[in-house]
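Asker: Quick one, fold the following:
(chains A, B, C and D)
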Protein chains: 2
Amino acid sequence: MPEKVTIATVARHARVSRQTVSNVLNAPHIVRQETRQRVEDAISALGYRANQAARQMRTGRSRLIAARIEPTRDGINGSVLDRFLHGLTETADAAGYRVLLYTATDDEREVATYDDLLGTYELDAFVLVGTKYGDPRTAWLADRDVPFVTFGRPWDALDAHPWVDVDGAAGTAAATRHLLDAGHRRIAFIGWPLGSGVGDDRRAGWHDALRAAGVDPTGLHRETEDGIAEGERLTRDLLAAETPTAVLCASDSLALGALQAIRGTDPPVSVIGFDDTPVAAAVGLTSVSQPLGEAAARCVDLLTGVLDGNHETPTHVLLQPSLALRHTA
Amino acid sequence: MPEKVTIATVARHARVSRQTVSNVLNAPHIVRQETRQRVEDAISALGYRANQAARQMRTGRSRLIAARIEPTRDGINGSVLDRFLHGLTETADAAGYRVLLYTATDDEREVATYDDLLGTYELDAFVLVGTKYGDPRTAWLADRDVPFVTFGRPWDALDAHPWVDVDGAAGTAAATRHLLDAGHRRIAFIGWPLGSGVGDDRRAGWHDALRAAGVDPTGLHRETEDGIAEGERLTRDLLAAETPTAVLCASDSLALGALQAIRGTDPPVSVIGFDDTPVAAAVGLTSVSQPLGEAAARCVDLLTGVLDGNHETPTHVLLQPSLALRHTA
DNA sequence: TATCCGAATTGGATCGTTCAAGACGGCGAG
DNA sequence: CTCGCCGTCTTGAACGATCCAATTCGGATA
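Answerer: Reported below is the predicted structural model:
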């Protein structure tokens, strides 16, 4: 049974002191070239790996980032989070950090989980997905000076903390212009109840694009909770009351419902969704696509900027979505 | 600025030694009731939390479990993994473990990642999803006595290591019987190429259920790689050559393709998929549903059994799937 | 040759916890 | 009465890394 390889083993093997090995790892520039080479050779010859627990004890840093994994709601939009998480894991990995998962059923429990994770694991940072007006979680973290980034803007105070987001308004505006270019004039929008930052943003893109083209959007929008059934119901309602020729939705779930409602219309009513989920790809739904991998990468960038004490990095990143064209529009 | 609360702080506060506090945490039965109470009061009064890094240094255990998060392939079956991961996080949490994510592009890199994770973070265990014949990853882990569980049977040696799986054959058999009960006799199966354990298992369920009902399955099956387009192609092929009245598929992706191929058939050809993904729910596809939350929970059970030295727990768990009935069958 | 300087290296202390061994008082057996 | 044992609690050392202060060393300068 091979003995455990520690920094002392490496030091003996390379005939230097422990501290020199440590310097090779953490401050290579202060070690003479020749010595450094000898140490590095010993490291790879022995297959040495620095013990994170010991390092953490001294430095207080765990190189661990926490991310929440949510229960799959209707399971359609859940995939957005999953793709984001995957990107996060990959990028964090490359930056020398690992992603730790946690769950929580409500905000209060989530804050308790933060406390626990920070206390026992000394997590370096948190990544939050989706924040709301006056979010208690961000307030708690900010209070304690815990580094964190959100994927999603803090709608009530844009400078409150670092964030990465995708410009939803630009996405719906582009989708609207695409429909206008195709000759549509009666373009409806189905979104979420007023007051959700994300939903309001997406509706604004549609609204402003129509106004810019000289089209009056009055009466052409509906609001509801997310869900396939709701999308179908409201689309039927719109078709009966407003005779739109195209329907733009705030999510693929709603759009999927819309698709069912417009079945058989002639000429076919166009439908565009939001999020470019696998479901959209599967059924051929045109949808606004978020650059999730890029968003995750920028989150890691922001975090490492804060963690490594580089205060000159920007703290807000707004990414542009694209339109995934398929056959529903 | 409040001083950091360590085991020594608690000890002072409760007027006992460090070791006694440690005993209250790790071996309460050897501490006198009255003393224990005093220590527990001190712990909650101070909000003490054991530092995991220090504990790990002494015990060599990190209370961390690694799980792989995959790139969303066609994104449909990806959601299966996501639901599993969520269940894993919840159950592991309850058992006092945390889930650490990792990614890898191929088996060789994955093994290198194991080495790294074990060396630097001293992970307690791994959860692998999906294994193949002669999987190099399980061999590597077994070689080094690293505790691990797979979600998916090791098809070449059922006793090789602990696993949890869902009885795919039972699922397809139940689906087949459902179709037989509805009066179908020409029930086709679209699956994956011979040699994949999971695929062969699912086909066997269909095959045996037909034979048991006295129906000859000859000519009624097709094999291909997974994917919507392939499902559509093979279904058209089947419709032209064998005139089936129902098509059972090894995945929802294939079934989705089948749905597109049968559009317009009269009477409608029935279709059943496998995995009960959100897409299936969205389009109303009847599908075989795996109990993923339960599977994740049993994985954690098996791991904690091994980690806590309880060698009497069973090492193999086979769960039964159910049929999610919708309007395609 | 002696002195000094700074770069390179060394040894000791430290982080917070658990392990190993020992101290102490009380109790029953010889 | 003494011994040993048991239950309970305490003390010192160790895990493997980094930080800090002290020391060595080679070379340049006086």
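Asker: hmm, the helix-or-strand element of chain A with minimal mean pLDDT touching chain B?
Answerer: None of the helices or strands of chain A scores lower by mean pLDDT, DSSP states H and E than helix A:278-283, at a mean of 82. Yes: legend: contact between helix A:278-283 and chain B by Cβ under 8 Å from any Cβ of the partner chain is shown at A:278-279, A:281-283. Using the backbone N, CA and C atoms, a C-beta is placed for each residue, glycine as well.
Asker: From the contact counts, what lies against that helix?
Answerer: Counting contacts by 3 or more Cβ pairs under 8 Å, 6 or more residues apart in numbering or on different chains; DSSP states H and E, helix A:278-283 is packed against helix A:252-262, helix B:278-283.
Asker: Off-centre distance for that helix?
Answerer: Taking Cα atoms, centre = their mean, to the nearest Å, one finds helix A:278-283 lying 20 Å from the centre of the chain it belongs to.
Asker: picking that back up, want to try TSV for the helices and strands packed on helix A:278-283, with mean neighbour count and distance to DNA strand D as columns?
Answerer: Converted to TSV, the helices and strands packed on helix A:278-283 look like this (neighbours: other Cβ atoms under 10 Å in any protein chain shown; distance: least, Cβ to the nearest atom of the strand, whole Å):
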stretch	mean neighbour count	distance to DNA strand D
helix A:252-262	27	47
helix B:278-283	25	45
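Asker: Reformat those helices as TSV; add distance to B:Asp107.
Answerer: Listed next are these as TSV, based on distance: least, Cβ to Cβ, whole Å:
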stretch	distance to B:Asp107
helix A:252-262	34
helix B:278-283	29
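Asker: Ok, which of those comes nearest B:Phe148?
Answerer: Within the helices and strands packed on helix A:278-283, the stretch nearest B:Phe148 is helix B:278-283; the backing value is 28.9 Å (Cβ to Cβ).
Asker: next helix or strand past the closest one?
Answerer: Next in sequence after helix B:278-283, counting helices and strands by DSSP states H and E, comes strand B:286-289.
Asker: Can you tell me the strand partners of that next one and which way each runs?
Answerer: The pairing partners recorded for strand B:286-289 under DSSP bridges are strand B:270-274 (parallel), strand B:322-324 (antiparallel).
Asker: any idea of the mean pLDDT in the last one?
Answerer: Which is strand B:322-324. Averaging pLDDT along strand B:322-324 yields 97.
Asker: For it, list every residue counted as buried.
Answerer: B:323-324 (16 or more other Cβ atoms under 10 Å in any protein chain shown).
Asker: Up against DNA strand C, what does the stretch 1-150 of chain A have?
Answerer: Residues of the stretch 1-150 of chain A lying close to DNA strand C (Cβ under 7 Å from any atom of the strand) are A:16-20, A:23, A:30-32, A:35, A:54, A:57-58.
Asker: Which ones among these lie within helices?
Answerer: The helices, defined by DSSP state H, take in A:18-20, A:23, A:35, A:54, A:57-58 from those.
Asker: Quick one: buried ones out of those?
Answerer: By neighbour count, with 16+ other Cβ under 10 Å, these hold A:20, A:23, A:35 as buried.
Asker: Which residue comes closest to whichever residue of the stretch 51-200 of chain A sits closest to DNA strand C once chain neighbours are left out?
Answerer: Closest approach between the stretch 51-200 of chain A and DNA strand C, counting by Cβ to the nearest atom of the strand: A:Met57, at 3.6 Å. Sequence neighbours aside, B:Ala53 is the residue nearest to A:Met57 in space, at 5.0 Å (criterion: Cβ to Cβ, 6 or more residues apart in numbering or on different chains).
Asker: A:Gln56 is in contact with the one you found, correct?
Answerer: Yes: using Cβ atoms under 8 Å, B:Ala53 makes contact with A:Gln56 at a distance of 4.2 Å.
Asker: joint contacts of the two?
Answerer: A:62, A:122 (Cβ atoms under 8 Å, 6 or more residues apart in numbering or on different chains).
Asker: which residues does A:Arg55 contact?
Answerer: By Cβ under 8 Å, 6+ apart, the contact set of A:Arg55 is A:Arg61.
Asker: Could you measure from it over to A:Leu141?
Answerer: As judged by Cβ to Cβ, to the nearest Å, A:Arg55 and A:Leu141 stand 24 Å apart.
Asker: Do the helix or strand where A:Arg233 lies and chain B come into contact?
Answerer: Assigning secondary structure by DSSP H and E places A:Arg233 in helix A:228-242. Yes: contact of helix A:228-242 with chain B (Cβ under 8 Å from any Cβ) involves A:Ile228.
Asker: helices or strands next to that helix in the packing?
Answerer: In terms of contacts (3+ Cβ pairs under 8 Å, 6+ apart), helix A:228-242 is packed against strand A:187-191, strand A:221-223, strand A:246-249, helix A:252-262.
Asker: Distance to B:His327 and mean pLDDT added to the ones you listed, as JSON lines?
Answerer: Converted to JSON lines, the helices and strands packed on helix A:228-242 look like this (distance: least, Cβ to Cβ, whole Å; pLDDT from 0 to 100):
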{"stretch": "strand A:187-191", "distance to B:His327": "24", "mean pLDDT": "97"}
{"stretch": "strand A:221-223", "distance to B:His327": "26", "mean pLDDT": "95"}
{"stretch": "strand A:246-249", "distance to B:His327": "23", "mean pLDDT": "97"}
{"stretch": "helix A:252-262", "distance to B:His327": "12", "mean pLDDT": "91"}
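Asker: residue ranges with poor pLDDT in the stretch 201-329 of chain A?
Answerer: A:310-313 (pLDDT under 70).
Asker: buried sites along the helix or strand where A:Val99 lies?
Answerer: A:Val99 is located in strand A:98-102, with elements delineated by DSSP H and E. Applying a neighbour-count criterion of 16+ other Cβ under 10 Å, one finds A:98-102 buried in strand A:98-102.
Asker: ok, A:Thr176 touching A:Ile187?
Answerer: Yes: in this structure, A:Thr176 is within contact of A:Ile187 by Cβ under 8 Å, at 6.0 Å.
Asker: Now the common contact residues for the two.
Answerer: Both A:Thr176 and A:Ile187 are contacted by A:206, A:210, A:248, under the criterion Cβ under 8 Å, 6+ apart.
Asker: Phi and psi next, for the second one.
Answerer: For A:Leu210, the backbone dihedrals are phi -70, psi -50 (criterion: degrees, to the nearest 10).
Asker: How many neighbouring residues does it have?
Answerer: Number of residues near A:Leu210 (other Cβ atoms under 10 Å in any protein chain shown) recorded here: 23.
Asker: For the closest residue to it other than its chain neighbours, list the residues it contacts.
Answerer: Distance criterion Cβ to Cβ, 6+ apart; nearest residue to A:Leu210, sequence neighbours excluded, is A:Pro217 at 4.5 Å. Contact partners of A:Pro217, counting by Cβ under 8 Å, 6+ apart, are A:187, A:189, A:206-207, A:210-211.
Asker: Any quick PyMOL command for the buried ones out of the residues you listed?
Answerer: A single PyMOL command selects the buried members of those (16+ other Cβ under 10 Å):
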select buried, chain A and resi 187+189+206+207+210
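Asker: Which two among the contacts of A:Pro217 are spaced furthest apart?
Answerer: Pairwise distances across the contacts of A:Pro217 (Cβ to Cβ) peak at 12.7 Å, for the pair A:Phe189 and A:Arg211.
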